[in-house]
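Undergrad: below: sequence and its predicted model.
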2 protein chains.
Amino acid sequence: MKPDTSNPLKPPAGSRSVGTSSHSFGERRDTPISSLEKWLLRNLIKTIGDPPLRVVLWDGKEIFRTDPEPNTGMIIHSRAALWRLLSNPGLQFGDEYCAGHIDVEGGLVNFVETLHRARPLLSDTSHLKRLVMALLNRPRRNTLLGSRENIQHHYDIGNDFYRLWLDQELQYTCAYFPDPGMSLEAAQVAKVDHVCRKLQLKPGEQVVEAGCGWGATALHMARHYGVSVKAFNISHEQIVAARQLAKAEGLQSQVEFIEDDYRNITGRFDAFVSIGMLEHVGVEHYRDLGEVINRTLSPSGRGLIHSIGQTQPEAFNAWVEKRIFPGAYPPTLQQMLSVLEPWAFSVLDVENLRLHYAKTTAHWLTRFEQHADEIETMFDEAFVRAWRLYLSLSIASFNTGALQLFQVLFTRRGNNDLPWSRAYLYAPNNK
Amino acid sequence: MKPDTSNPLKPPAGSRSVGTSSHSFGERRDTPISSLEKWLLRNLIKTIGDPPLRVVLWDGKEIFRTDPEPNTGMIIHSRAALWRLLSNPGLQFGDEYCAGHIDVEGGLVNFVETLHRARPLLSDTSHLKRLVMALLNRPRRNTLLGSRENIQHHYDIGNDFYRLWLDQELQYTCAYFPDPGMSLEAAQVAKVDHVCRKLQLKPGEQVVEAGCGWGATALHMARHYGVSVKAFNISHEQIVAARQLAKAEGLQSQVEFIEDDYRNITGRFDAFVSIGMLEHVGVEHYRDLGEVINRTLSPSGRGLIHSIGQTQPEAFNAWVEKRIFPGAYPPTLQQMLSVLEPWAFSVLDVENLRLHYAKTTAHWLTRFEQHADEIETMFDEAFVRAWRLYLSLSIASFNTGALQLFQVLFTRRGNNDLPWSRAYLYAPNNK
């Protein structure tokens, strides 16, 4: 399969080819920055909350700094890049960075964290500005067909690529580090166990999984908890790989991988689980998802939704939504609950694993950098810069709280078969 | 102080005096039920979901049963009571029961649970019906003055009364039974410890409590966690009693009990706690409460709100709102979060203690019944019947999931000083 890398790679129209990491500033032919350009750039930095940084231009000179001792900086390598940045900073910073027209000083994660920490909260910005931002950054629609295209854009670019920097079981969601020093592999297993314990899976039960990735969760549940799983996913590459794993382990009769949309789930289940799918569902379809859960969950059934979230309903970073995750949106906890409230589900437990995702993405970036040369050979330098930026953005977003990670456990409101405390989740040797 | 018992006691206008528990049916002079009356009554039972019960009238005869073997029943002792019930069942069932004009068979808790289990979910009722119900049952406004009146109605009816059936420290909120067999006293202490651990209180820290009851939480925090507490309450009786306790223990310098509204909280605190106040705040004031928390919580501060809730935004039981808790409303979790989201607070943990409140209220009813004669001497029979009904309604509501109990822990979204897991909450000998 030839990986579909068109979008993350696509440099902005009219851009030059990707430069090397060390630009030779003297070679640029652009004339020095004008007063108007400087004023516009200074205002852009003010608009985003005046983060402490310095800005260096194509002539190698610092044009201004917002702090006497900035620990980060941005280098704009050409006038064309400057104007594109000014025209749509949310999208163009990423594109220009990937194309090598913008670089940063002091580390990419640090740069993004500095920006995040300075950014005003939604409550401090005007209603009009929020409305304009929301309209500009509307995520793509997740219709049945649209979802398939959006998901394939990201998840079908080649399992070999993901194998280079995910854990061995290809879990592409937040791991759980009860001991922050544990390995990524151990933390991914701990995550699935944590979910299974919350769901109180019992041998022989029927589980449905919405959005199963490469199948690690479903296979682990079958292997260690004795349940049968129907696992849904619309990424063709992932389903094919997952089926191979089930066959290799002889778990085909226990785990069925189904290449279909969550909206087409039928049957009756003791547990519903969805890890890292809600981000791709779209708020306008939360009611559909709730309807599916209500239609298929048994009277004493338990459900768990694990999703990236945020504290206020802001649009996803425009560049990530356009280039990396089309159609994606991280809901607030309030929005997540709109999946459940129309059906009177009772929320039993919400856990926020934000710092666990910061650590997970940091593991991923470290592994990614260890294979950067190999990945550049598979794709090209712009691809490497795009994924470096995306992983750095993720680390910074979870570290600063711009993104959150919620696990929401629920059941029907009349189900009284509940543990008296959550101590069993933390009992040693409990599985 | 003469207890203000006007409202819970007040029999409906024109009602007869309270009867004895064994009515002598033959003495009633009411003529037999008409076809119209029977039709109206049968329709009322259908409207509430056709719970399996039988109905017995003033002549001692069963008029109908909705199930061949009902395990509960309602006895209507007069035509006047029947018509009042038909005119406004949500309110009048309670009033007629208290006045002794209606009795139930098979136990009051069982009767209410049967009704709750049959009741259609909000999602299954028409929009118009929901609108009408909501307008009919609007809770009283909680303005600064209105709150004071509403709170004094319930909490200032005499500490001696509450001492008869609450635990020794007068905690009038959901206890925590990690072991369901533990005593009410132990479970109330476990609740405060659970809250203190969630808040990760450290010696020397400053805590603010909004709605402090008789002071048990604030005093426990000062005694066992070495913190200073400013505790707010608008119930005069409770504040006076709490100050006496602080003085008796020599904790006056550490715990300040302030007779004032949560909206007047000022200062800077490491922790915010509110146990059982949100029910009295009113959804229209959640933003005010969030503003207070945002204004007074330190950058690394933690907050916890403990409140009765529900799975769908239904009006509180009309009789409870009118006669027992004026102005009260149990929010959905989504509504609770509207306290926090405008200020971008990060929700760390939500725990649902619904069954713990069912058990707590069952303990209260048992103790209440042990002192029923004494309470009747303090007040009168209608008062005893009102509180019996209110406690039974509470048990049934928590048992069936009509009511929930949420503890919501939160912090500012950029606070990274967080434990890696919740295991510390369940570690033995952890305080």
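TA: Received it, and whenever you're ready, just let me know what you need.

Undergrad: going along the chain, name the strands of the stretch 251-400 of chain A.
TA: A:255-259, A:269-275, A:297-309, A:345-352 (DSSP state E, counting those that start in this stretch).

Undergrad: next, format the ones you listed as a markdown table and append mean pLDDT.
TA: As requested, the strands of the stretch 251-400 of chain A are exported to a markdown table (pLDDT from 0 to 100):
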| stretch | mean pLDDT |
| --- | --- |
| strand A:255-259 | 98 |
| strand A:269-275 | 98 |
| strand A:297-309 | 97 |
| strand A:345-352 | 98 |
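
Undergrad: so can I have CSV of the ones you listed showing distance to B:I63 and mean neighbour count?
TA: To be clear about C-beta, it is placed using only N, CA and C from the backbone, and glycine gets the same treatment. CSV is the format used below for those (distance: least, C-beta to C-beta, whole Å; neighbours: other C-beta atoms under 10 Å in any protein chain shown):
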stretch, distance to B:I63, mean neighbour count
strand A:255-259, 54, 20
strand A:269-275, 43, 24
strand A:297-309, 33, 22
strand A:345-352, 36, 23
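
Undergrad: other residues contacting stretch A:52-60?
TA: If you take C-beta atoms under 8 Å, 6 or more residues apart in numbering or on different chains as the criterion, stretch A:52-60 is touched by A:25-26, A:28, A:30, A:32-33, A:41, A:45, A:62-67, A:69-79, A:82, A:105, A:111, A:114, A:118.

Undergrad: next one: stretch A:283-300
TA: A:141-142, A:208, A:210, A:262-263, A:265-270, A:272, A:278, A:281, A:303, A:329, A:331, A:335-336, A:338-340, A:342-343, A:345, A:411-412, A:414-415, A:417.

Undergrad: excluding its backbone neighbours, what's nearest the residue of the stretch 151-300 of chain A found nearest chain B?
TA: At 4.1 Å from chain B, A:P178 is the closest residue in the stretch 151-300 of chain A, using C-beta to the nearest C-beta. Using C-beta to C-beta, 6 or more residues apart in numbering or on different chains and skipping residues adjacent in sequence, the residue nearest A:P178 is B:S421, 4.1 Å away.

Undergrad: kindly report the same for A:L115.
TA: That would be A:P51: by C-beta to C-beta, 6+ apart, it lies 5.1 Å from A:L115.

Undergrad: doesn't A:N71 make contact with that neighbour?
TA: No. Using C-beta atoms under 8 Å, A:P51 is not in contact with A:N71, being 10.3 Å away.

Undergrad: joint contacts of these two?
TA: A:T114.

Undergrad: picking up where we left off before, out of the strands of the stretch 251-400 of chain A, which is closest to A:D95?
TA: Smallest distance to A:D95 across those (C-beta to C-beta): 22.7 Å, for strand A:297-309.

Undergrad: pull up the pairing partners for the closest one, direction included.
TA: When pairing is defined by DSSP bridges, strand A:297-309 lines up against strand A:269-275 (parallel), strand A:404-412 (antiparallel).

Undergrad: return that strand as PDB; C-alpha atoms alone will do.
TA: Coordinates of the C-alpha atoms in strand A:297-309 are reproduced here as PDB (Å, rounded to 0.1, in the frame of the first residue of the first chain):
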ATOM      1  CA  LEU A 297     -26.400  -2.000  26.400                       C
ATOM      2  CA  SER A 298     -28.100  -4.600  28.700                       C
ATOM      3  CA  PRO A 299     -30.000  -3.400  31.800                       C
ATOM      4  CA  SER A 300     -27.000  -4.100  34.100                       C
ATOM      5  CA  GLY A 301     -24.400  -3.100  31.400                       C
ATOM      6  CA  ARG A 302     -21.500  -0.800  32.000                       C
ATOM      7  CA  GLY A 303     -19.900   1.700  29.500                       C
ATOM      8  CA  LEU A 304     -16.700   3.600  29.300                       C
ATOM      9  CA  ILE A 305     -15.800   6.400  27.000                       C
ATOM     10  CA  HIS A 306     -12.200   7.600  26.900                       C
ATOM     11  CA  SER A 307     -11.500  10.700  25.000                       C
ATOM     12  CA  ILE A 308      -9.300  13.800  24.600                       C
ATOM     13  CA  GLY A 309     -11.200  16.700  26.000                       C
END
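
Undergrad: just give me how far that strand sits from the chain centre.
TA: 20 Å (C-alpha atoms, centre = their mean, to the nearest Å).

Undergrad: between strand A:345-352 and that strand, find me the angle.
TA: 30 degrees (axes from the mean of the first three to the mean of the last three C-alpha atoms, to 10 degrees).

Undergrad: point me to the residue of the stretch 1-150 of chain A nearest chain B.
TA: Counting by C-beta to the nearest C-beta, the stretch 1-150 of chain A gets nearest chain B through A:L121, at 4.7 Å.

Undergrad: so that residue sits against B:A344, correct?
TA: Yes. If you go by C-beta under 8 Å, A:L121 and B:A344 touch, sitting 4.7 Å apart.

Undergrad: contacting residues around A:L108?
TA: Counted by C-beta under 8 Å, 6+ apart, A:L108 has contacts A:388-389, A:392.

Undergrad: shaky segments in chain A?
TA: The model of chain A has pLDDT under 70 over residues A:1-28, A:122-141, A:145, A:147-148, A:150-156, A:429-431.

Undergrad: can you identify each of the strands in the stretch 51-200 of chain A by residue range?
TA: A:54-56, A:62-65, A:73-76, A:102-105.

Undergrad: let's have those in a markdown table, adding mean neighbour count.
TA: Shown next, in a markdown table, are those (neighbours: other C-beta atoms under 10 Å in any protein chain shown):
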| stretch | mean neighbour count |
| --- | --- |
| strand A:54-56 | 20 |
| strand A:62-65 | 14 |
| strand A:73-76 | 20 |
| strand A:102-105 | 20 |
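
Undergrad: save those as TSV, and put in distance to A:Q171 too.
TA: Below are the strands of the stretch 51-200 of chain A laid out as TSV (distance: least, C-beta to C-beta, whole Å):
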stretch	distance to A:Q171
strand A:54-56	39
strand A:62-65	42
strand A:73-76	34
strand A:102-105	29
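
Undergrad: skipping its backbone neighbours, what lies nearest A:F368 in space?
TA: A:F368 sits nearest to A:W165 (C-beta to C-beta, 6+ apart), 4.3 Å away.

Undergrad: show me the contacts for A:W420.
TA: By C-beta under 8 Å, 6+ apart, the neighbours of A:W420 are B:177-180, B:355-356.

Undergrad: let me fix that, I meant to ask about A:R65.
TA: Going by C-beta under 8 Å, 6+ apart, A:R65 touches A:53-55, A:73.

Undergrad: recalculate using a threshold of 10 Å.
TA: Counting by C-beta atoms under 10 Å, 6 or more residues apart in numbering or on different chains, A:R65 touches A:52-56, A:73.

Undergrad: go on, A:F232?
TA: A:208-212, A:218, A:239, A:256-265, A:274, A:277, A:292.

Undergrad: list buried residues within those residues.
TA: Buried members of the contacts of A:F232, counted by 16 or more other C-beta atoms under 10 Å in any protein chain shown: A:208-212, A:218, A:239, A:256-258, A:261-263, A:265, A:274, A:277, A:292.

Undergrad: what residues does the stretch 201-350 of chain A have near chain B?
TA: A:290, A:294, A:309-314, A:332-338, A:340-350 (C-beta under 10 Å from any C-beta of the partner chain).
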